[in-house]
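>>> build me a structure from this.
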Amino acid sequence: QVQLVESGGGLVHTGDSLRLSCVVSAGTFSHYAMGWFRQVSGKEREFVTAISWSGRSTHYADSVKGRFTISRDNAKNTVYLQMNSLKPEDTAVYYCAADRTFAQTMGVMAHEYDYWGQGTQVTVSS
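Numbers count the residues shown, from 1 in each chain. Got it, this is the predicted structure:
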């Protein structure tokens, strides 16, 4: 059974940085496109960023472009989300997700992903 476990969330101030990690156990991590989504209570889950299975391609939501960086280490079955210049509007539960399709495309919709982590809370105070 494929499991995703996020870590690295916390409470920070505006302008601070955080790095989230997501470790994937079981399955073939190196074949999965990986994504990060976030969700505020009462709102839909929102796409943040994605990285192709090879790591050569990435895609970012406009709201985080230039501040967030996604990367992966296939040897460690881990995907990272480096978040810089954090803003209060970045406050949310952050989820990592895996797409097992093994294609060159990266999904931006939640339904395109097959496996999900439990989420990690990020709170940015003003």
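>>> report the contact partners of the closest residue to residue 82 other than its chain neighbours.
Sequence neighbours aside, residue 69 is the residue nearest to residue 82 in space, at 4.4 Å (criterion: CB to CB, 6 or more residues apart in numbering). All C-beta spots, glycine's among them, are computed from the backbone N, C-alpha and C. Residues near residue 69 by CB atoms under 8 Å, 6 or more residues apart in numbering: 81, 82, 84.
>>> and which of those residues is nearest to residue 105?
Ranked by distance to residue 105 (CB to CB), the contacts of residue 69 are led by residue 81 at 19.9 Å.
>>> neighbours around residue 95, how many?
Residue 95: 23 surrounding residues under other CB atoms under 10 Å.
>>> gap between it and residue 60?
16 Å (CB to CB, to the nearest Å).
>>> starting at the chain centroid, how far to the helix or strand the residue nearest to residue 82 falls within?
Using DSSP states H and E, residue 69 maps to strand 68-73. Averaging C-alpha positions (CA atoms, centre = their mean, to the nearest Å) puts strand 68-73 8 Å from its chain's average.
>>> kindly report the same for stretch 71-85.
Stretch 71-85 has its C-alpha centroid displaced from the chain centroid by 8 Å (CA atoms, centre = their mean).
>>> can you give me the end-to-end distance of that stretch?
Using CA to CA, to the nearest Å, one end of stretch 71-85 lies 18 Å from the other.
>>> hang on, the earlier thing: most neighbours, which of the contacts of residue 69?
In terms of neighbours by other CB under 10 Å, those top out with residue 81 at 27 neighbours.
>>> that older thread, which of the contacts of residue 69 fall within helices?
Under the assignment DSSP state H, those contribute nothing to helices.
>>> give the contact list for the spatially closest residue to residue 36 that is not a sequence neighbour.
Residue nearest to residue 36 in three dimensions, not counting chain neighbours: residue 48, with 4.4 Å by CB to CB, 6+ apart. Applying CB under 8 Å, 6+ apart, we find residue 48 in contact with 35, 36, 37, 38, 60, 61, 64, 68, 81, 94.
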